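> Requesting a structural model of the entry that follows:
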Amino acid sequence: MTQMIRMGFGLAAVLALAGCQSASPSFGGGGSNVRSPAPLRAAPTGQVYSNQLPPPPPPPAAPVTAAPVTPTADASTPAQTPAPTQTASAAPVTREGLVGAWRVSSGGGNCQIFMALTQWTGGYRAASRGCPGQVADVSAWDVSGNQVVLKDSGGSTVATLNNTGGTRYEGTTSGGQSVSLYR
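Model (predicted):
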């Protein structure tokens, strides 16, 4: 009888293992009808290259002023004249220096203009907020020489401004109204 019990346990173990093996591809017990997923292709292994990044652009130049000249005590020496100064409007105007939020005064009102480097009709994207008169139409901007040009959605000029020092620009709208752009 013990031998029969052992054979029963052995048969049960074999059946249990056989059941586990046929049900292992899927838990639903699909057995031989289940396909295993296709093997993945190896990722390409090429060379990795590295290059040096270009140097960052130089910061905007500050206006240059001449040193004060002191008169000499010797009357036989002619007085020195100061060297010509660089005017603020001659300072280079860069697109990168104009990106961001600006305050605007025009026609007795104040508002904001936001300038981005996203290309847009007539230049780069701009958005005005709460601006009076023609300045409310500003939706683009660009740099032309040392001037900032504000444009409408059709690319027509709304205002042209010159640098008057640091982060301040003064000009007029196409209708002749004065406009100031500053931070």
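> Please make it C-alpha for all contacts and neighbour counts, starting now.
OK.
> And the lengthiest strand in the chain, what does it pack against?
Among the segments of the chain that qualify as a strand by DSSP state E, the longest is strand 109-120. The contact analysis (3 or more Cα pairs under 8 Å, 6 or more residues apart in numbering; DSSP states H and E) places strand 109-120 against helix 95-98, strand 100-106, strand 123-129, strand 140-144.
> which residues are in contact with the shortest one?
Read it as helix 95-98. By Cα atoms under 8 Å, 6 or more residues apart in numbering, the surrounding residues in contact with helix 95-98 are 60, 115, 117, 142, 143.
> please redo it, this time with the cut-off set to 7 Å
Helix 95-98 has contacts (Cα atoms under 7 Å, 6 or more residues apart in numbering) with 115, 143.
> related to what we said a few turns ago, just the helices and strands packed on strand 109-120: most buried one?
Among the helices and strands packed on strand 109-120, ranked by average contacts under mean count of other Cα atoms under 10 Å, first place goes to strand 140-144 (a mean of 23).
> I'd like the mean pLDDT over stretch 55-74, please.
Throughout stretch 55-74, pLDDT has a mean value of 58.
> I meant stretch 130-144, not that one.
Per-residue scores along stretch 130-144 average to 93.
> likewise stretch 168-177?
Stretch 168-177 comes out at a mean pLDDT of 94.
> Restrict it to CA atoms and write it as PDB.
The C-alpha coordinates for stretch 168-177 follow below in PDB (Å, rounded to 0.1, in the frame of the first residue of the first chain):
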ATOM      1  CA  ARG A 168      15.400 103.000 -22.900                       C
ATOM      2  CA  TYR A 169      14.200 103.600 -26.500                       C
ATOM      3  CA  GLU A 170      12.400 106.800 -27.700                       C
ATOM      4  CA  GLY A 171      10.600 107.300 -31.000                       C
ATOM      5  CA  THR A 172       7.400 108.000 -32.800                       C
ATOM      6  CA  THR A 173       4.500 106.000 -34.200                       C
ATOM      7  CA  SER A 174       3.700 106.100 -37.900                       C
ATOM      8  CA  GLY A 175       0.900 108.500 -36.900                       C
ATOM      9  CA  GLY A 176       3.500 110.900 -35.300                       C
ATOM     10  CA  GLN A 177       2.700 110.200 -31.700                       C
END
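> buried sites along that stretch?
Buried residues in stretch 168-177, counted by 16 or more other Cα atoms under 10 Å: 168, 169, 170, 171, 172, 173.
> picking that back up, between the longest strand of the chain and strand 140-144, how many degrees?
For strand 109-120 against strand 140-144, the angle between stretch directions is 80 degrees (axes from the mean of the first three to the mean of the last three Cα atoms, to 10 degrees).
> Run a quick neighbour tally on residue 164.
As a burial measure, residue 164 scores 17 neighbours (other Cα atoms under 10 Å).
> my bad, residue 36
8.
> I'm done for today, thanks for sticking with me.
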